[in-house]
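Peer 1: Give the three-dimensional model of this entry:
(3 chains)
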Amino acid sequence: MFEFVVGSPLNIVLILGAVLVAAALLIWVERRVLGFLNERLGPNRVGPWGIAQSLADVGKLITKEDWVPPFADKLPFIVAPIIVPVVMLLSFAVIPIAPGVGIMDLNIGLLWVLAMAGLGSYSAMLGGLASNNKFSLLGGLRAAGQMISYEVFMGISILGIVILSDSFNLREIVEAQHKHGWFVFPQFIGFIVFVIAGLAETKRWPFDLAEGESEIISGFNTEYSGMKFGLFFVGEYIGMLLLSALIPVLFFGGWYAPFGLELPNAIISGIFWMCAKTGCWIFFFILVRAALVRPRYDQLMNYGWLVMLPLSLLNLLVTGAVVLAQGN
Amino acid sequence: MNAAANTANAELPAVIKALYEKFGESAFVRQHTAEGMPTLWTGRDKVLAVLRYLRDEHRPRYEMLLDVTAIDERTRINRQGQPASDFTVVYHPTSFSGNCDIRIKVALQMNDLNMPTAIPLWSSANWQEREIWDLFGIVFTGHPNLSRILCPPTWKGHALRKDHPARATEMEPYRMSDEIQDREQEALRFKPEEWGLTRKSENSEFMFLNFGPNHPAAHGVIRFALQLDGENVLDVVPDVGYHHRGAEKMAERQTWHTFIPYTDRIDYLGGVMNNLPYVMAVEKMAGIKVPQRVEVIRVMLAEFFRICSHLLFYGTWAVDLGQLSPLFYCFVDREKAFNIIESITGARMHPGWFRIGGVAQDLPKGWDKLIREFVDYFPARLAEYDKMVMANSMIRQRTRGVGVIDTAGAFDWAMTGPALRATGLEWDYRKQRPYSGYENFEFEVPIGVNGDCYDRAAVRVEEMRQSCRIIKQCLENMPEGPYKADHPLTTPPIKEKSKLDIETLINHFLSVSWGPVMDPTEVTMTIEATKGLNMYYLINDGGIGSYRTRIRTPSFIHIQAIPFLSRGLMLADFTAVVATTDFVMADVDR
Amino acid sequence: MNIDLWPLLIYTLIVVVLVPGLLVVSSLLGQRRQDHATHDVYESGVVSTGSAQLKIAVPFYLTAILFIIFDLEAAFLVAWAISIRESGWLGYTEVFVFIFILLAGLLYLWKSGALEWRTLRQQRDLANLAGEGGVVNVGARAAAAKESHHDHHDDHGHDAHQAGHGGAHH
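Peer 2: Residues are numbered from 1 along each chain as shown, chains lettered A, B, ... in the order given. Okay, the predicted model is just below:
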């Protein structure tokens, strides 16, 4: 029998493989679920229930023309789509999945994730500006405004957790919740801000202003096709997966079972509960996509700077005061 | 002046009397038409003064210029009592306060095809004058940018002139080589200076963006050239004509009967609703009174198409605002309505099912079952969409106060239908001048207050409920009787009457192959179509088809107002405005 | 503290090779086309006017400045958050003052209109609305609207009403 140790080669390969498969499945799941929510079927032809749809899509995308527009800035144009999947996958390095399951137990895990999210926002900006296309430019500008704004709120919203758990280490944050209870209760405002800002960072519905099909066709990726578009696309889904995994880790007790419903083996129980919680959030984000309306640029910015920012700052001050008062 | 003329004078419509008093009787020539609309000829030098008088001083005021069009009279035979004219420009102002229309005609000679522009009176005259220039070659002096609008900028000749080829075989075969493609593309390049737009301000360079013809939110092949400062829309120049088929030209080659299917494809979301004004106009000329059952069947199907059209609007509007799901729900409902239409007419979007003097067939056995299910099912669905869309606070924030126009503005831009009612004017053609038996139905005319995107949508949503109400009344009160009028000009004629002897057989044969032949006259028929007022102006020169068919469509007129509605807003607002203008490109370009 | 960074390095290496690798594979497998308009810029299917490289108005860069200010602030706050127990109430007071000044700055920015992204027309049209909007004369909401209609007259909506009724009795 082998032992699960964080950072073992087996762990690295398995987790990377699992994330990639999950992202591909997620594309299919989302299309299917959206289909049922919209009184239609969704992709149901490739394989049983259409489950191999993403595989077929990859096959199609990879054999499509790898076109670089002659009018574009070539290097940034090619680099831009690579950034998203890379930084999103790198973020997964610090996500604790179960005891002993994870790629890296990093003591600055939370900062690592924030740093990667910050890097990720370059992708849409670069792609939009390098395309030398007006729709892309508009999309790039929107992406820049949206992502750098919401990055600020996302960063501040999780500082409450840092205060409560006294650590940047995601495993320690999970353990702290095991001791003190889920952080979603003491950090409810931080939680709300984080979910909204996280959604905005992944540019998912309803925060898809940078793509905004009905306004700017496909926004920053208008000139992208084939696998380069595929990377943007997959990157978005890995991002959604990451966010859905991060929310349980930060606010819902990570791999620990709720209501004492542990399975016999600690590792299996951890993996199961982590996946279950992640799945719930994925489903939630699909529901959000089916229901909500895209805000206008000014509404997005106003909401961010005038509601999210003051809220997250006040949350931080209150949390600090409460912790100090209890400590003394 | 003889006695007959004197008695005619005594019964003069008030508006003609007032015009005679104001400008002198010698300034006008009166023309009699079958439908009895006051029709006056006047001189080119006086026409603007007459129109201005009608708009400002006459009571009731003629607030809106419903239509401007032209007629190539050069090959017209029956023009008794009309002044000599090669080309006639026809103005059709309409009065909402007085609920009446007038037609003002101006005769032009071939060597001097000039008219003063009416844009200072009505902004809506702009595109209609461009259309006349494009299709007839009449110059409107003082027009800010008299350029082609329906035909491509590279087109040679004026398509609606009688000497312009009408079918492809009369012209060289068309081939699209790379050179032609490049030339056409270059001709499409937007030149801001032509429209009086600057390329930059002190602080920034403006972006000129082609929003369409191939754009997901353009609702068809239309181009809006946007002048953008970042996200802000500074100006909009709509460019139409990508969908132009020349329906008015085709009408000149079809018989009265065979043109019916073409009308379906004008507002292709309106289906048989398009047949209605056309067949009613022909029936007016022929003097056919259709049986009550025909009227109710027509109303029922027309209202189904109103629901279909509004549903499409509802869904696409939501998706343009970034809400995904309502589109699919609306399409599911629309599918149900199409199933009903299919079960009755055999076709879904373009049944072409109305006939001169009736409808194509009687209702099938058990026709009421699906409809009964629909009228029970549909209101509940609408209530759900109300919660999801209309009551959604994000939708309200995105659309309230966006694209505002008031009633006076709507008159100026000739906006009719839901767009006009959203400004607070309770005016529906079905109520004001009931046709096809609408006076027998109970329904209400919803109005808004703000005239913004939200109200335009809300009015349409309520209209679907009212349409459902009308359909329910049709269902419960469908009269018995024939589905075609017993009239010699009903086309195709009733088959049973052809089998009596050789005489009736010949009549039947002629009637089927030629269709009705009627005394020369002119007739106008307007209906409250899905998107506004749809009007057919038919000129009958005594032939087996129309000499000139003018189709006034709401979409064409409404698009003109989009710059007015969206200047100074943001790009996202612009899509909301485009969606609530609710146009169909086939209806725009005809 | 000495942590073993090897797993992260290996993982990073795999990811950094894998993702661009997909592009390389696709460029090997993909077709090559050279049609008439293959290399044209996409602008809704017609040729474009002017360049996509523009000087953009100054207000746009305001967002960037806001970001720099507040993200810098966040950097300080991160350091404080992890050491809150060490720095105690004194540190808290300092942070409180710091955040207070920033919020005051935000308030000032808002009041001076720097956080107003809307256009003049958007503000004006929204401010001048005659009512809540929606259908006012049919259905459940109509009854409520009629009640209030007796109290205060709508400005232009009312005139239009009259015009409509004039026609109705024709």
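
Peer 1: residues touching residue A:227, list them.
Peer 2: A:61-62, A:64, A:66, C:22-23, C:25-27, C:30 (Cβ atoms under 8 Å, 6 or more residues apart in numbering or on different chains). C-beta here means a position set from N, CA and C on the backbone, and glycine is covered the same way.

Peer 1: what kind of secondary structure is it in?
Peer 2: For residue A:227, the assignment made with DSSP: H, G, I helix; E, B strand; the rest coil gives helix.

Peer 1: Look up how far residue A:203 lies from it.
Peer 2: 19 Å (Cβ to Cβ, to the nearest Å).

Peer 1: Next: residue B:566.
Peer 2: With the distance defined as Cβ to Cβ, residue B:566 ends up 26 Å from residue A:203.

Peer 1: Which one's more surrounded, the two?
Peer 2: residue A:203 (29 against 26; other Cβ atoms under 10 Å in any protein chain shown).

Peer 1: Leaving out sequence neighbours, find the closest residue to the more buried one.
Peer 2: Nearest non-adjacent residue to residue A:203, counting by Cβ to Cβ, 6 or more residues apart in numbering or on different chains: residue A:210, 5.5 Å away.

Peer 1: That neighbour: which element?
Peer 2: When elements are assigned from DSSP states H and E, residue A:210 belongs to no helix and no strand.

Peer 1: And the pLDDT for it?
Peer 2: pLDDT recorded at residue A:210 is 81.

Peer 1: Looks like it contacts residue A:222 (just checking).
Peer 2: No. Assessed by Cβ atoms under 8 Å, residue A:210 is found out of contact with residue A:222, at 10.9 Å.

Peer 1: and the helix ranked longest in chain C, which residues are buried?
Peer 2: The longest helix of chain C (DSSP state H) is helix C:84-111. Across helix C:84-111, burial judged by 16 or more other Cβ atoms under 10 Å in any protein chain shown covers C:84, C:87, C:91-92, C:95, C:99, C:102, C:106, C:109.

Peer 1: repeat for stretch A:276-295
Peer 2: Under the neighbour-count criterion of 16+ other Cβ under 10 Å, stretch A:276-295 has A:277-278, A:281-282, A:285-286, A:289-290, A:292-295 buried.

Peer 1: and for residue A:210 and residue A:222, which residues touch both?
Peer 2: Common neighbours of residue A:210 and residue A:222 (Cβ under 8 Å, 6+ apart) are residue A:139.

Peer 1: higher neighbour count, the two?
Peer 2: Under the neighbour definition other Cβ under 10 Å, residue A:210 and residue A:222 were set side by side, and residue A:210 has more, 27 against 24.

Peer 1: residues contacting the more buried one?
Peer 2: Contacts for residue A:210 were tallied using Cβ under 8 Å, 6+ apart; they are A:124, A:128, A:139-140, A:142-143, A:146-147, A:203, A:219-220.

Peer 1: Sort the residues you listed by pLDDT and name the bottom one.
Peer 2: Among the contacts of residue A:210, residue A:219 carries the lowest pLDDT, at 83.

Peer 1: what about the residue lying closest to that one once chain neighbours are set aside, helix or strand, and which?
Peer 2: The shortest distance from residue A:219 to any non-neighbouring residue, by Cβ to Cβ, 6+ apart, is to residue A:139 (2.6 Å). Following DSSP H and E, one finds residue A:139 within helix A:134-157.

Peer 1: Could you name the helices and strands sitting against that helix?
Peer 2: If you count contacts as 3 or more Cβ pairs under 8 Å, 6 or more residues apart in numbering or on different chains; DSSP states H and E, helix A:134-157 packs onto helix A:109-130, helix A:188-201, helix A:213-216, helix A:297-303, helix A:309-327, strand B:207-211, helix C:59-82.

Peer 1: mind checking which of those is nearest residue A:243?
Peer 2: With Cβ to Cβ as the measure, helix A:188-201 is the member of these nearest residue A:243 (4.5 Å).

Peer 1: now the angle from that closest one to helix A:134-157?
Peer 2: Angle of helix A:188-201 versus helix A:134-157, following axes from the mean of the first three to the mean of the last three Cα atoms, to 10 degrees, is 160 degrees.

Peer 1: Just the residues contacting helix A:188-201, thanks.
Peer 2: Residues outside helix A:188-201 that contact it (Cβ under 8 Å, 6+ apart): A:117, A:120-121, A:146-147, A:150-151, A:153-154, A:156-161, A:183-184, A:206-207, A:239, A:243, A:246-247, A:250-251, A:285, A:288, A:300, A:304, A:308, A:311-312, A:314-315, A:319.

Peer 1: Let me know the angle separating the helix holding residue A:139 from helix C:84-111.
Peer 2: 140 degrees.

Peer 1: can you pull the contacts of the nearest residue to residue B:34 once chain neighbours are set aside?
Peer 2: The spatial neighbour of residue B:34 that comes closest, neighbours along the chain excluded (Cβ to Cβ, 6+ apart), is residue B:521 at 3.9 Å. Contacts for residue B:521 (Cβ under 8 Å, 6+ apart) come out as B:33-34, B:285, B:540.

Peer 1: Can you pull the poorly scored residue ranges out of the chain?
Peer 2: Just going to use chain A. Within chain A, the stretches with pLDDT under 70 are A:1-4, A:7, A:328.

Peer 1: To clarify, I was referring to chain C.
Peer 2: C:1-3, C:57-60, C:140-170.

Peer 1: Nearest the geometric middle of it, what residue?
Peer 2: Nearest to the mean C-alpha position of chain C, counting by Cα atoms, centre = their mean, stands residue C:117 at 9.1 Å.

Peer 1: Helix, strand or coil: sort out residue B:436 for me.
Peer 2: Applying three-state DSSP: residue B:436 is coil.

Peer 1: didn't it look like it was pressed against residue B:280?
Peer 2: Yes. Using Cβ under 8 Å, residue B:436 is in contact with residue B:280, at 6.8 Å.

Peer 1: now stretch B:147-160: mean pLDDT?
Peer 2: Averaged over stretch B:147-160, pLDDT sits at 89.

Peer 1: buried set for it?
Peer 2: Neighbour count says stretch B:147-160 has B:148-151, B:158-160 buried, by 16+ other Cβ under 10 Å.

Peer 1: Kindly report the same for stretch B:129-147.
Peer 2: B:129-138, B:140, B:143, B:146.

Peer 1: for stretch C:20-34, same thing?
Peer 2: Here stretch C:20-34 shows C:20, C:22-23, C:26-27, C:30 as buried, counting by 16+ other Cβ under 10 Å.

Peer 1: No more questions from me, cheers.
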